[in-house]
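A.B. asks: Okay, structure incoming, though there's no sequence with it:
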């Protein structure tokens, strides 16, 4: 069975200790800690380090991404977006974590005559330079196919990154794929470049629904994804106090693997 991580945003109003405790007691392998979550909730780096020693979980960081745009037409927004990603890399370094997930930028206005790919590549060069100095890997996430997003496939990623492509690793987000076949084809062709898989379901255009609620037949799909041996991060957002979505997602995925996949 592939390693299963939990996104910290499924426990938005929980303490760091509650997040660690739930993940560890549930038998999960790790967590993806969102930097925006860490900063917004005022978590302490010292507490994270103590909890990491108490609960032996693997972790990575998801960079700040909300309100940011590494490919913005506006130079000030672009520069601040790079700064915020660098803060996320610095957080990972201080916490002793070696990977940061980064959302590539998007168009400011679809169809506007702006060199978005060139803007993005310059931002990525600066981010990569920072990460390499600190010994942190950058995992660029393939985005969903909606207006403004243009890095929506591995081929698009290769075009933007150019000669830098092999300097990054990549995150495949299942909910960003338009079909199970798209996800599996990407893994077949690029599994050596992919560092992890974000897993959640989707209902039509509604992304990141719980694993047990959506268009994908997860009982069939999750074992196929797991066969690649890459960490799988349960994604979503839940600000409720009872952590019910996280618990139900964990129960669902554990049931699938305990039963050996879809039953006939």
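C.D. replies: Received, thanks. Since we're looking at a predicted model, the values are computed, not measured.
A.B. asks: just the strands in this structure please.
C.D. replies: In the chain, the strands defined using DSSP state E lie at 4-7, 30-34, 58-62, 99-102, 137-141, 169-173, 194-199, 201-203, 206-209, 232-234.
A.B. asks: can you list the weak-confidence ranges in this structure?
C.D. replies: For the chain, the stretches with pLDDT under 70 are 1, 260-264.
A.B. asks: Residue 2 and residue 28, how far apart?
C.D. replies: 11 Å (Cβ to Cβ, to the nearest Å). Quick note: C-beta positions are derived from backbone N, CA and C, even for glycine.
A.B. asks: so what's the nearest residue to residue 63 once chain neighbours are set aside up against?
C.D. replies: Excluding the flanking residues, the one nearest residue 63 by Cβ to Cβ, 6 or more residues apart in numbering is residue 88, at 3.8 Å. Applying Cβ atoms under 8 Å, 6 or more residues apart in numbering to residue 88 gives the contacts 35, 61-64, 100, 102.
A.B. asks: mind redoing it with 7 Å?
C.D. replies: Applying Cβ atoms under 7 Å, 6 or more residues apart in numbering, we find residue 88 in contact with 35, 61, 63-64, 100.
A.B. asks: Quick one: those residues as CSV, columns for neighbour count and distance to residue 232 too.
C.D. replies: Supplementary listing: those in CSV, determined by neighbours: other Cβ atoms under 10 Å; distance: Cβ to Cβ, whole Å:
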residue, neighbour count, distance to residue 232
35, 23, 21
61, 27, 17
63, 26, 19
64, 25, 23
100, 28, 18
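A.B. asks: export those residues to a markdown table and tack on distance to residue 93?
C.D. replies: Listed next are the contacts of residue 88 as a markdown table, based on distance: Cβ to Cβ, whole Å:
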| residue | distance to residue 93 |
| --- | --- |
| 35 | 12 |
| 61 | 9 |
| 63 | 13 |
| 64 | 15 |
| 100 | 9 |
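A.B. asks: Relative to residue 258, which of those is nearest.
C.D. replies: Using Cβ to Cβ, the shortest approach to residue 258 within the contacts of residue 88 belongs to residue 61, at 29.9 Å.
A.B. asks: how close does the nearest residue to that closest one once chain neighbours are set aside sit to residue 221?
C.D. replies: What sits nearest to residue 61 in space, not counting adjacent residues and going by Cβ to Cβ, 6+ apart, is residue 92, at 4.1 Å. Applying Cβ to Cβ, the value for residue 92 to residue 221 is 30 Å.
A.B. asks: Neighbour count for those two, which is higher?
C.D. replies: residue 92 (27 against 20; other Cβ atoms under 10 Å).
A.B. asks: residue contacts, that one?
C.D. replies: By Cβ under 7 Å, 6+ apart, the neighbours of residue 92 are 61, 100, 136.
A.B. asks: between the residues you listed, which is closest to residue 82?
C.D. replies: residue 100 (13.1 Å).
A.B. asks: isn't the closest one right up against residue 64?
C.D. replies: No. Under the criterion of Cβ atoms under 7 Å, residue 100 is not in contact with residue 64, lying 9.9 Å apart.
A.B. asks: where's residue 36 relative to residue 133, distance?
C.D. replies: 23 Å.
A.B. asks: So for the longest helix along the chain, what gets flagged as buried?
C.D. replies: In the chain, with assignment by DSSP state H, the single longest helix is helix 75-95. Within helix 75-95, the residues that qualify as buried are 77-78, 81-82, 84-86, 88-93, 95, counting by 16 or more other Cβ atoms under 10 Å.
A.B. asks: and what of stretch 19-33?
C.D. replies: Across stretch 19-33, burial judged by 16+ other Cβ under 10 Å covers 19-20, 22-24, 26, 28-33.
A.B. asks: CSV for those, including distance to residue 119?
C.D. replies: Output for the buried residues of stretch 19-33, formatted as CSV (distance: Cβ to Cβ, whole Å):
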residue, distance to residue 119
19, 35
20, 38
22, 40
23, 37
24, 41
26, 41
28, 38
29, 37
30, 33
31, 32
32, 27
33, 28
